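>>> Only the shape, not the letters, is given here:
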């Protein structure tokens, strides 16, 4: 059976591969790496880029272990007194050009000394301006990736993303969603190898689905008006991550490495009281598409 | 005995008075008012200013009533099935000049049809750059206000503010604190009239303590470097409000009026990964003073 070391090694190589491809796409920016250790066991490599096209981006790898923190045992309703191991790769990219979407990806593996284990992850997209062709391409690519493993995955995980990336107090989704899944384990006839293979497909889909969106839009001309809207959408991104995102809240509440967790925060965000959009504008069109249950693949 | 209508009327007139004084201090900006109604009863007046010195500010009045929402009954551990009445004034001002501090004030009254009632509130200051002379003036003014009513108030409410306005994941306070108090009720020989008189003192202290800080600093020259630091401190303000502030979280979670709650969000905030301060700089000095239990009045 595949070991946790093999899984972590693959995550580490995924981080290397993605960073290399993103540096090429940016052309100028280079990732700066911080290696950090966790007192109770393990550590990570936080990599940050501030480039010409990726204004601020983070590609983080971590593999941590030790006794299960009590807060986590309670929150996840797990057996107390066990040791745990967790590893994964997390990405958030805030592009400079308002016509390039913000992207988020996470793939992770968790196991306990009691024998419990699972995989989780997902990819979702937050365009400042929704381009319906690109949204369709994005969802189709995710669906194709899912379909290689289980034709029930895409519809299930697409709905999960819609429900998860929802800004309740704004009654709007964070972006156009994507896929989100958690606790994939040895149920429904699936093995650890099956889920690892799925995780690898999702991990390698990241560049395939994002680089075209970055490269096709990074040279588009934009005005101050577009940047103002981008700053507002970044504000909503902050609202989701700090108010509703369980991972962020949990990390901040359990003494996670704050700078690694909050690498997801954007550069230059703005809040305008009761912002009103022009009727018929591109901003209004985007706003009208920030809702659950839009089918992008039919 | 003083009625809830008298209390709400006083809050309304406090809002009027403060708005007038702030418009004078700003010189150019004028408050824009949104009146809103709450479906279950009551409503409010949200007033926003975008001026030359107050870049973005909100002075809100509300007086709402109706059946106690179940979420609130549970969260506050109150008797179920009762009606409630709540009124107050809330202020957050984000100044343009980085040498003018951000300020927050809240005074509020709450009662239930069961007879339970209390007052709460406070004033606290978040300088982008801490000026120790001004910090001393600020705390002295609050202490004088408290001492008129009870000499135990300032030490107790100052500590409460230190503990409340704390950004746990940064291990730093939001600013230099001030006073914070809640659930002042008919205990320790105090009457509703006593607490209302204290509330009035705090409400009228707002302009006395803030206008000098605004007027003395609003014309100071500043550079892009100071604005960058201001944007970072605004980011921390966002982090506190969205991650830790019970009032904000509670409002967003119970279908409060989002635009009124989030009037506290700043214009142009920024997040820089792992920002490092220059040794011996004004930024580092400020950062070193963002901790609990500093005595500003000795």
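Good, I have the coordinates. Given the structure is predicted, the values throughout are model-derived calculations rather than measurements.
>>> Spell out which parts of chain A neighbour chain B.
Within chain A, the positions adjacent to chain B are A:34, A:48, A:56, A:58, A:168-170, A:231, A:235, A:238-239, A:242-243, A:249, A:252-253, A:258-259, A:261-263, A:265-274 by CB under 8 Å from any CB of the partner chain. Heads up, the C-betas are built off the backbone N, CA and C, glycines and all.
>>> among these, which ones are buried?
Buried members of the residues of chain A next to chain B, scored by 16 or more other CB atoms under 10 Å in any protein chain shown, are A:34, A:48, A:56, A:58, A:169-170, A:231, A:235, A:238-239, A:242-243, A:249, A:252, A:258-259, A:261-263, A:265-273.
>>> among those residues, which are in strands?
Among these, the members falling in strands (DSSP state E) are A:34, A:48, A:56, A:58.
>>> how about the closest residue in space to the second one that isn't next to it in sequence, what does it touch?
For residue A:48, the nearest residue in space outside its immediate sequence neighbours is residue B:273; the separation is 4.6 Å by CB to CB, 6 or more residues apart in numbering or on different chains. Listed by CB atoms under 8 Å, 6 or more residues apart in numbering or on different chains, the contact partners of residue B:273 are A:48, A:56, A:58, A:259, A:263.
>>> The same query, at a cut-off of 10 Å, please.
Contacts for residue B:273 (CB atoms under 10 Å, 6 or more residues apart in numbering or on different chains) come out as A:32, A:34, A:46-50, A:56-58, A:259-260, A:262-263, A:265, A:267.
>>> One more: residue A:103?
A:57, A:91-95, A:123-127, A:138, A:175, A:178, A:206, A:209-210, A:213-214.
>>> In three-state terms, label it for me.
Under DSSP: H, G, I helix; E, B strand; the rest coil, the three-state class of residue A:103 is strand.
>>> Tell me the bridge partners for it.
Residue A:103 forms beta bridges with residue A:93, residue A:125, as assigned by DSSP bridges.
>>> For residue A:50, see how far away it is.
16 Å (CB to CB, to the nearest Å).
>>> what's in contact with the one helix or strand in chain A whose mean pLDDT sits lowest?
Least confident helix or strand, chain A: helix A:70-75 with a mean of 81, by mean pLDDT, DSSP states H and E. With contacts defined as CB under 10 Å, 6+ apart, helix A:70-75 is touched by A:67-69, A:78-82, A:84, A:86, A:110, A:112, A:246, A:250, A:253-255.
>>> Chain A: helices as residue ranges?
For chain A, applying DSSP state H gives helices covering A:4-26, A:70-75, A:132-147, A:153-164, A:192-217, A:224-239, A:246-253, A:258-261, A:282-288.
>>> Where among the ones you listed is average confidence lowest?
When these are compared by mean pLDDT, helix A:70-75 comes last with a mean of 81.
>>> Identify the residues contacting the residue of the stretch 51-200 of chain A found nearest chain B.
In the stretch 51-200 of chain A, the residue that lies nearest chain B is residue A:169 (4.1 Å; CB to the nearest CB). If a contact means CB under 10 Å, 6+ apart, then residue A:169 has A:239-240, A:243-244, B:248-249, B:251-259, B:261-262 as its contacts.
>>> what do you get for residue A:8?
A:42, A:61, A:62, A:63, A:64, A:65, A:85, A:86, A:87, A:88, A:109 are the contacts of residue A:8 under CB under 10 Å, 6+ apart.
>>> Out of those, which end up buried?
Among the contacts of residue A:8, those scoring as buried are A:42, A:61, A:62, A:63, A:64, A:65, A:85, A:86, A:87, A:88, A:109 (criterion: 16+ other CB under 10 Å).
>>> For residue B:286, state which of those is nearest.
residue A:62 (31.5 Å; CB to CB).
>>> quick one: the closest one and residue A:42 touch, right?
Yes - the pair residue A:62 / residue A:42 is scored as a contact, 7.2 Å apart, by CB atoms under 10 Å.
>>> Find residues that contact each of these two.
Common neighbours of residue A:62 and residue A:42 (CB under 10 Å, 6+ apart) are A:8, A:36, A:86, A:87.
>>> Would you check how far apart the residue nearest to residue A:137 when sequence neighbours are not counted and residue A:138 are?
Leaving aside its chain neighbours, residue A:137 sits nearest to residue A:212 (7.2 Å; criterion: CB to CB, 6+ apart). Residue A:212 sits 9 Å away from residue A:138, going by CB to CB.
>>> Looking at those two, which one has more neighbours?
Taking neighbours as other CB atoms under 10 Å in any protein chain shown, residue A:212 and residue A:138 compare with residue A:138 leading, 27 against 15.
>>> contacting residues for the more buried one?
A:101, A:103, A:123-125, A:127, A:131, A:175-178, A:209-210, A:212-213, A:296-297.
>>> which among those end up buried?
Buried members of the contacts of residue A:138, scored by 16+ other CB under 10 Å, are A:101, A:103, A:123-125, A:127, A:131, A:175-178, A:209-210, A:213, A:296.
>>> Need the max-distance pair from these.
A:123 and A:131 (17.2 Å).
>>> Which of the buried ones among the contacts of residue A:8 fall in strands?
Those of the buried ones among the contacts of residue A:8 lying in strands (DSSP E): A:42, A:61, A:62, A:63, A:64, A:65, A:85, A:86, A:87, A:88, A:109.
>>> Now those residues in TSV, please, with extra columns for pLDDT.
Formatted as TSV, these follow (pLDDT from 0 to 100):
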residue	pLDDT
A:42	94
A:61	97
A:62	96
A:63	96
A:64	94
A:65	93
A:85	94
A:86	94
A:87	96
A:88	97
A:109	97
